[in-house]
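Chemist: pasting the structure only:
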């Protein structure tokens with residue numbers, strides 16, 4: 001996911017979607033840019049789980065292309081997070097990913113995480129969770145997290 005975001009951040013189609021999403025935002029209002037990117041993902045995509053036995057992975061630049069072409073891609077949390085990560089990077093913002101476990105489930109001694117979301121760093125250093133999958137239930141979701149890991153994007 002980190003690699004997908006890093007590789008897609010400089011694709012013109014990712015920058016075009018970021019510019020389109022942020023067109024009504026004042027210059028240097030970085031927090032509002034993050035909110036605009038979050039909103040475009042809420043409005044222009046829909047959540048859909050992967051098939052039971054396959055982890056589908058969508059390249060962020062292809063997701064951006066589909067949105068700009070008028071489509072509404074069906075994505076799971078890792079696809080949404082990677083796309084938001086690429087968009088945040090494309091507007092010059094620092095980002096990271098958070099994986100979360102809501103239950104204490106382990107396989108071969110390793111914790112099993114079931115959700116991921118992107119975070120954007122505001123100019124004051126505060127991290128802002130941008131999770132369209134949780135949307136208006138983010139606070140409730142965060143209360144249920146049993147364990148989390150943070151993955152910086154270099």
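Modeler: Arrived safely, thanks for sending. Computed from a prediction, not measured in an experiment: that's the story for all the values here.
Chemist: any chance you could map the helices in this protein?
Modeler: Along the chain, the segments classed as helices by DSSP state H run 2-8, 12-21, 30-44, 60-68, 77-90, 138-144.
Chemist: Need those in CSV (columns: mean pLDDT and distance to residue 53).
Modeler: All C-beta spots, glycine's among them, are computed from the backbone N, C-alpha and C. Conversion of the helices of the chain to CSV gives the following (pLDDT from 0 to 100; distance: least, CB to CB, whole Å):
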stretch, mean pLDDT, distance to residue 53
helix 2-8, 93, 21
helix 12-21, 98, 30
helix 30-44, 97, 26
helix 60-68, 98, 22
helix 77-90, 97, 16
helix 138-144, 86, 26
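Chemist: now for those, which one comes closest to residue 132?
Modeler: Proximity to residue 132, assessed across these by CB to CB, is greatest for helix 30-44 (4.5 Å).
Chemist: Check which helices and strands that closest one sits against.
Modeler: In this structure, helix 30-44 packs against helix 12-21, helix 77-90, strand 127-130, with contacts taken as 3 or more CB pairs under 8 Å, 6 or more residues apart in numbering; DSSP states H and E.
Chemist: among those, which is the most enclosed?
Modeler: Greatest average neighbour count among the helices and strands packed on helix 30-44 goes to helix 77-90 (a mean of 27), per mean count of other CB atoms under 10 Å.
Chemist: Distance from the chain centre to that helix, please.
Modeler: Its chain's C-alpha centre and that of helix 77-90 lie 4 Å apart, by CA atoms, centre = their mean, to the nearest Å.
Chemist: what angle do it and helix 30-44 make?
Modeler: Taking axes from the mean of the first three to the mean of the last three CA atoms, to 10 degrees, one finds helix 77-90 and helix 30-44 inclined to each other by 140 degrees.
Chemist: picking that back up, out of the helices and strands packed on helix 30-44, flag the one nearest residue 6.
Modeler: helix 77-90 (7.0 Å).
Chemist: same for the closest one, what does it pack against?
Modeler: On a contact count with 3+ CB pairs under 8 Å, 6+ apart, helix 77-90 meets helix 2-8, helix 12-21, helix 30-44, helix 60-68, strand 95-101, strand 115-121.
Chemist: Rebuild those as a markdown table, extending it with distance to residue 80.
Modeler: Compiled in a markdown table, the helices and strands packed on helix 77-90 are given as follows (distance: least, CB to CB, whole Å):
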| stretch | distance to residue 80 |
| --- | --- |
| helix 2-8 | 11 |
| helix 12-21 | 13 |
| helix 30-44 | 6 |
| helix 60-68 | 8 |
| strand 95-101 | 11 |
| strand 115-121 | 8 |
